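Engineer: A structural model of the following input is requested.
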Amino acid sequence: MKSAVLVFPGSNCDIDMYKAVEDCLGEPVEYVWYTRNNLDEFDCILLPGGFSYGDYLRPGAMAGMAPVLNAVREAAEKGKLIMGVCNGFQILTEARLLPGALRRNKSLKFRCEIVNLRVENNKTPFTSQYEEGEIIRIPIAHGDGNYYCDEETLREMKANHQVVFRYNGGNPNGSIENIAGVINKAGNVLGMMPHPERAVHEWLGSADGKRMFTSILQSWREKNGVTYRA
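Structural biologist: A predicted model of the protein is given here:
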């Protein structure tokens, strides 16, 4: 499985994401600049956190119009696995690849801490190695993580099991119904504010994010009939 880590002007979690793939999976991974217009050679596309274009207009708004997003849309339509974390989540909503929007934290303060998440849906390519209802610890670092959508969209998302993660035991940003991560209807595009790539070793404070990457690899192998041999 070959992964692409997209890099925009202002990205600052691209190295974290790259190293997480390298450490957890040992599979090929490359940095891909925002000007690229073809992602056919990649199986998994990862949009990292940061402050793309300095968060001008709105976080993710300018990156959502970058040339590489057309290739991301094409990849999504082909069923390739796409994950956006923090600013990557914001970009995916701005590009309308995911429903809803990310607003300023209710506290109007930047929050940087490890939070508890409840796994709401473990029947996705990104969460198959978790238990439904499992509580995991993943760090956050954002000022605009307040997830919002209208009531009709929320009802539709809940009916389609598109809410993947919820904050548990406290809501750090005011997100509607404690939502921390959502998936598209097709189930191949995930966005979340917490950073799983920063939770892949116990010495980081938690290794609970590692299973997200191994779930992705397992899903890709099953879909492509790849048998792993140690």
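Engineer: you'd agree N160 is up against K185?
Structural biologist: Yes - judged on Cβ atoms under 8 Å, N160 makes contact with K185 at a distance of 5.7 Å. For every residue, glycine as well, the C-beta is placed using N, CA and C.
Engineer: Which positions within the helix ranked longest in the chain qualify as buried?
Structural biologist: The longest helix of the chain (DSSP state H) is helix 210-224. Buried residues in helix 210-224, counting neighbours by 16 or more other Cβ atoms under 10 Å, are found at 210-213, 215-220.
Engineer: Same question for stretch 195-211.
Structural biologist: For stretch 195-211, by 16+ other Cβ under 10 Å, it's 195-200, 204, 206, 208-211.
Engineer: re the thing from before, and the buried residues of helix 210-224, which two are furthest apart?
Structural biologist: Within these, K210 and W220 form the most distant pair, 16.1 Å apart (Cβ to Cβ).
Engineer: pLDDT weak spots in this protein?
Structural biologist: For the chain, applying pLDDT under 70 flags the ranges 228-230.
Engineer: Go through the buried residues of stretch 195-211 and flag which are in helices.
Structural biologist: Counting by DSSP H, those place 210-211 in helices.
Engineer: need the buried residues of stretch 195-211 in CSV with distance to A76, can you?
Structural biologist: CSV is the format used below for the buried residues of stretch 195-211 (distance: Cβ to Cβ, whole Å):
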residue, distance to A76
H195, 22
P196, 20
E197, 20
R198, 25
A199, 25
V200, 25
L204, 30
S206, 29
D208, 26
G209, 22
K210, 25
R211, 23
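Engineer: for the closest residue to H195 other than its chain neighbours, helix, strand, or coil?
Structural biologist: Nearest residue to H195 in three dimensions, chain neighbours excluded: P139, at 5.3 Å (Cβ to Cβ, 6 or more residues apart in numbering). Here P139 is strand, with the state taken from DSSP: H, G, I helix; E, B strand; the rest coil.
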